[in-house]
Every structure is written in C-alpha cells, then in structure tokens.
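In: Quick check, what structure comes out for this input:
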Amino acid sequence: MSNDIWPFANPRVSGINEHHKRIQTFLELARDSKDPNTIFRLHIACIYFARGIIELIFEAADKEQISSSREQLKETLPAKLRWYNLIERIRIHDFHRFGIIPPNPDVKIFFQGGPIKLKAKNGTAAYSIMPKGPKIETTGDSSVKQQRPLITDDGRFFDEDTETIVTLENILKDFLLDVPKVIKEFEQQNG
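Out: Coordinates of the predicted model:
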C-alpha cells in the first residue's frame, strides 16, 4: 500500500510500532498488578507481541521489501535482540505444544518440553538435565535431536544460548531495551 492509501506510515512499520507499544502497555499493567497469575499472563502476552515484531520483519523480508532475506535475519537478529531464540521457543511451546501456565507457589514445577529424539546406533544416546542445563552424551553413530526444547523452572525459563535461568520480566525488559534500534533500522529500510 502506498502512503496515500494508508495515511499513517507503512502499514507494516505501523504494526511493528503497535506491537512495541503493546509490550510497554502490558508491562505497565503487570507492574501495577498485585496478582502473580495476572502478572505472569501479561508477561506471556508480551512474548507474543515481541515475536510479532520479529514475524512482521520476516514478512517484509519474504516480500522483498527490505534488503535482508529471512535467512539473513535469522543470522543477524539474535545478536541484536537478547533472548531472541528463547522468545521463539516460549511462544512455540505456549501456542503449539502444551501451553505455559503460571507458577503455583504451593508446588515446585520443573518441566522439559520437546520433542527430543534419541537414536542409539552402535552406541548410546543420553539426554539429562543438569544444574547448568541439558547434557547430551552419545557414542558410536548415536544421536540426540531436539526441536526447540524448552525448560521451565517455576515460571522461569532456561536459555540455551547463555545457559542461564531467566524470568519473563527480565526477558521483556532486555527486549524492550534492544528492539528500538532494530525498529529504527527496519523503518529506515521500509519507510
């Protein structure tokens, strides 16, 4: 659409900025809330808005509206947006795999979501969870294949890239610090 039909900015740029504003609004609502379940749900909603920003940038790449391809963005965005891969895994698991529920103060919950496929061939394949995260051991021609695994520990999430456990609030705060530069780069390419 040209700007004379869409009176604001480019619609995709407007959509990206809207997702950014939603994150800010929902984080403010979470800060004002006293209910832990409400806070958790608002934070999970922000994960969708964060991923929405990324998906709209990918869509522009697929439509050749920016100079980078989707594959190039998958290589460069993780360095620009902290928790990029973890945000993707959280959204995938919440929306497609099992749904992520708020932590329960009366129950300690540690969860590993997969899928994880172990194939033993002329040796062994082992997958275990250690204090520093997953440990994979194979011998022979064996293999362990993971597809966007997610480890949760009482409402906190293990990040494979940094090998740390992090809260949704910290993920979102860092994302909010990083994303304006990415949005500005996108706006400059997409006007």
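In: Looking at this protein, which helix is longest?
Out: Counting residues, the longest helix found in the chain (DSSP state H) is helix 36-62.
In: List the buried residues in it.
Out: Neighbour counts over helix 36-62 (16 or more other Cβ atoms under 10 Å) mark 39-58, 60-61 as buried. Just so you know, the C-beta spots here come from the backbone N, C-alpha and C atoms, and that holds for glycine as well.
In: Stretch 180-191 too?
Out: Buried, per 16+ other Cβ under 10 Å, within stretch 180-191: V182, I183, F186, N190.
In: same check, this time on stretch 93-107
Out: Buried residues in stretch 93-107, counting neighbours by 16+ other Cβ under 10 Å, are found at H93, D94, I100, P103.
In: Next one: the closest residue to the last one other than its chain neighbours relative to K132, how far apart?
Out: The shortest distance from P103 to any non-neighbouring residue, by Cβ to Cβ, 6 or more residues apart in numbering, is to G155 (3.4 Å). As judged by Cβ to Cβ, to the nearest Å, G155 and K132 stand 20 Å apart.
In: The two: which is more packed in?
Out: For G155 versus K132, neighbours defined as other Cβ atoms under 10 Å are more numerous around G155 (19 against 10).
In: pLDDT score for the more buried one?
Out: G155 carries a pLDDT value of 89.
In: dump the residue contacts of it.
Out: Applying Cβ atoms under 8 Å, 6 or more residues apart in numbering to G155 gives the contacts F40, P102, P103, T167, L168.
In: related to what we said a few turns ago, out of the buried residues of stretch 93-107, which is nearest to K121?
Out: Of all these, K121 sits closest to H93, with 28.7 Å by Cβ to Cβ.
In: so A61 touches E75, yeah?
Out: No. Counting by Cβ atoms under 8 Å, A61 stays clear of E75, with 11.8 Å between them.
In: Distance of the residue of the chain positioned farthest from its centre relative to K135?
Out: Within the chain, N122 marks the point farthest from the mean C-alpha position, 36.6 Å out by Cα atoms, centre = their mean. Noted for N122: a distance of 21 Å to K135, by Cβ to Cβ.
In: List the contacts of the nearest residue to N122 once chain neighbours are set aside.
Out: In space, and not counting its chain neighbours, N122 is closest to G140: 3.6 Å by Cβ to Cβ, 6+ apart. Shown in contact with G140 (Cβ under 8 Å, 6+ apart): A120, K121, N122, G123, T124.
In: and those residues, which are buried?
Out: Among those, none is classed as buried by neighbour count (16+ other Cβ under 10 Å).
In: returning to what we had before: check the secondary structure at the residue nearest to N122 for me.
Out: What DSSP: H, G, I helix; E, B strand; the rest coil gives for G140 is coil.
In: Roughly how far does it sit from A126?
Out: According to Cβ to Cβ, G140 stands 12 Å off from A126.
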